[in-house]
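Engineer: dropping the sequence and predicted coords here.
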Amino acid sequence: MIDQNEEIKIIIAIDGFSSCGKSTLAKALAQKLGYTYIDTGAMYRAASLYFLEQKIDTDNQSEIEKALKEIKIEINRSDQGMITLLNGKNVEDEIRSMRISNVVSEISAIPEVRKNIVAQQQLMGARKGIVMEGRDIGTVVFPEAEIKIFLTASPQIRVQRRYLELKNKGKNMTLQQVRKNLEKRDLLDSTRSHSPLRKAEDAIEIDNSQLSIDDQVDMILDLIQVKLLKTNTDL
Ligand code: C5P
């Protein structure tokens, strides 16, 4: 068994397409291990909100660079779980809106935006003890992460999950609108030229279409056990 007080800290990278349940899994794992959980999509969403609000011209290099200098994104623990702050303001609710979902993949494909946000993520994980989820964590942000998971789920299940998630937040979208948004983001995220979404060669793929969250957590805890045992015998 993993002793939660043990001081071995690792990096767990979880990547995958939109609405595969990465956040739910990452949150549950982090809680179990006493690790920090970082939803990197929230960071790209917060940057996108800033770009929209300030009407940044995404074809204008100097405007982009100036904007990036003015953006401060924080992910803080609160009574409502982790919340995202943009320049000190809680934007957690706003960044989950369709207005942001519709532009985030274009904005996150801009190389300067990625460089800036990846550097912040690397700082956040420098002391390990972190579960970070996104699209390029195992390939670009932490290619040396001890555990890399590539999460998948069937398209129907992903649409259904996202639809229910939005509905529970009082956002009225049709299944068709949700499907279109997921398809568009998946395509843009996996075909962009800078750090596209792809499975790292050493990532373990888990299809969670039929798995409970406890099943998934247990699978990953087993993987960590094996990894740590192997590391100890390699020493
Ligand atoms: O995870 P979430 O669906 O909230 O991410 C929103 C968008 O942010 C993704 O569709 C993708 O365009 C971008 N993203 C990214 N790299 C990450 C995390 C998210 O490009 N590591």
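Structural biologist: Good, I have the coordinates.
Engineer: how many neighbours does residue 101 have?
Structural biologist: Residue 101: 23 surrounding residues under other C-beta atoms under 10 Å. (Glycine included, C-beta is placed from N, CA and C.)
Engineer: wouldn't it be in contact with residue 185 here?
Structural biologist: Yes: with contacts counted by C-beta atoms under 8 Å, residue 101 reaches residue 185, the gap being 7.2 Å.
Engineer: which parts of the chain are helices?
Structural biologist: Under the criterion DSSP state H, helices of the chain are mapped to 22-33, 40-53, 61-70, 98-101, 104-108, 111-124, 155-168, 175-191, 213-234.
Engineer: among the ones you listed, which is nearest the ligand?
Structural biologist: Ranking the helices of the chain by proximity to the ligand (C-beta to the nearest ligand atom) places helix 40-53 first, at 2.3 Å.
Engineer: which residues of the protein lie near the ligand?
Structural biologist: 18, 40-41, 44-45, 104-105, 108, 134-136, 185, 189 (C-beta under 6 Å from any ligand atom).
Engineer: of these, just say which sits nearest to residue 86.
Structural biologist: Closest approach between those and residue 86, by C-beta to C-beta: residue 45, at 9.3 Å.
Engineer: now the closest one, nearest residue through space, not along the chain?
Structural biologist: The spatial neighbour of residue 45 that comes closest, neighbours along the chain excluded (C-beta to C-beta, 6 or more residues apart in numbering), is residue 95 at 3.7 Å.
Engineer: excluding chain neighbours, what is closest to the spatially most central residue of the chain?
Structural biologist: For the chain, the residue sitting closest to the mean C-alpha position, by C-alpha atoms, centre = their mean, is residue 134 at 2.8 Å. Among residues not flanking residue 134 along the chain, residue 40 sits closest, at 3.5 Å (C-beta to C-beta, 6+ apart).
Engineer: quick one: contacts for the one you found?
Structural biologist: Applying C-beta atoms under 8 Å, 6 or more residues apart in numbering to residue 40 gives the contacts 117, 121, 132, 133, 134, 135, 137, 141.
Engineer: for those residues, work out which two are farthest apart.
Structural biologist: Farthest-apart pair in the contacts of residue 40 is 117 and 133; separation 13.9 Å (C-beta to C-beta).
Engineer: quick one: low-confidence parts of this structure?
Structural biologist: Counting by pLDDT under 70, the chain has low-confidence residues at 1-7, 232, 234-235.
Engineer: rerun at 90
Structural biologist: For the chain, the stretches with pLDDT under 90 are 1-8, 77-82, 165-166, 168-173, 227-235.
Engineer: coming back round to it: is it true that the residue nearest to the centre of the chain touches residue 37?
Structural biologist: No: under the criterion of C-beta under 8 Å, residue 134 makes no contact with residue 37, lying 11.8 Å away.
Engineer: so residue 147 makes contact with residue 222?
Structural biologist: No: in this structure, residue 147 is not within contact of residue 222 by C-beta under 8 Å, at 10.7 Å.
Engineer: who has more neighbours, these two?
Structural biologist: Applying other C-beta under 10 Å to residue 147 and residue 222 shows that residue 147 carries more neighbours, namely 21 against 11.
Engineer: ok, now how distant is that one from residue 132?
Structural biologist: From residue 147 over to residue 132 the distance is 11 Å, taken as C-beta to C-beta, to the nearest Å.
Engineer: overlap in contacts of those two?
Structural biologist: Here residue 147 and residue 132 have 11, 12, 13 as joint contacts, going by C-beta under 8 Å, 6+ apart.
Engineer: can you lay out the residues you listed as a markdown table showing distance to residue 199?
Structural biologist: Output for those, formatted as a markdown table (distance: C-beta to C-beta, whole Å):
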| residue | distance to residue 199 |
| --- | --- |
| 11 | 17 |
| 12 | 15 |
| 13 | 11 |
